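Participant: any chance you can model this:
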Amino acid sequence: MPSNYEFEGFRSTDTEKDELADYVLQGDAHRDQRVGFSRSYIVEASDGRLIGYFSLMADTIKLSRGEQTVGVPYFSAPALKIARLAVSVEFQGRGIGNELLAYVKGLAQDLRRAIGVRYLSLDSVEDKVGWYSARGFVLNSEASDSYEGDHETGERSMRFDLGPLLDEA
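Facilitator: Purely as a prediction, here's the structure:
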């Protein structure tokens, strides 16, 4: 994410506290990218307004014995984490969140040709869990008996299984 973008006016919620907007407005997205912790991607309107953005980083998903893939002795699996995903209130309800998520899924599939990635992961605020569930994500606490619990922030850890890489045997 270039540091010269102006994001004034971007809001992802009508509430007073908007952590997703603050992340870009206060420069945290640029800082995290500069130090190599995440990579942020933006979508802007033709007039320069920020429509939405997402940030990605590496992650690991803990697996239970029942989740281990046959012949694979690991209790964790590599993941691409959606660290943040936000759409401006002005543009919500137009399918942009679905498009951003579809793009991330496609990017994850492309990355799988170069590195090991089995899951998409994210930490969802409680009121968005249903939205992500409707798009194939499951709560980690429901998927794995080795899951250690939700974050202290009240966010819910979720995952999407990208499945085996079928085009390579």
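Participant: number of nearby residues for Arg113?
Facilitator: For Arg113, the count of nearby residues is 10 (other Cβ atoms under 10 Å). Where you see a C-beta, it was placed from the backbone N, CA and C, and this is true even at glycine.
Participant: that one in helix, strand or coil?
Facilitator: Put simply, Arg113 is coil when judged by DSSP: H, G, I helix; E, B strand; the rest coil.
Participant: distance check, it against Ser124.
Facilitator: In this view, Arg113 and Ser124 are 28 Å apart by Cβ to Cβ, to the nearest Å.
Participant: swap in Gln92?
Facilitator: In terms of Cβ to Cβ, Gln92 sits 16 Å off from Ser124.
Participant: now do the SS call for Gly93.
Facilitator: Counting by three-state DSSP, the backbone at Gly93 sits in coil.
Participant: that one: what's it in contact with?
Facilitator: Shown in contact with Gly93 (Cβ atoms under 8 Å, 6 or more residues apart in numbering): no residues.
Participant: for it, phi and psi?
Facilitator: phi 80, psi 10 (degrees, to the nearest 10).
Participant: next SSE downstream of the helix or strand of the chain with the lowest mean pLDDT?
Facilitator: Using mean pLDDT, DSSP states H and E, the weakest-scoring helix or strand in the chain turns out to be helix 140-143, at a mean of 68. Using DSSP states H and E, the helix or strand that follows helix 140-143 towards the C-terminus is strand 156-161.
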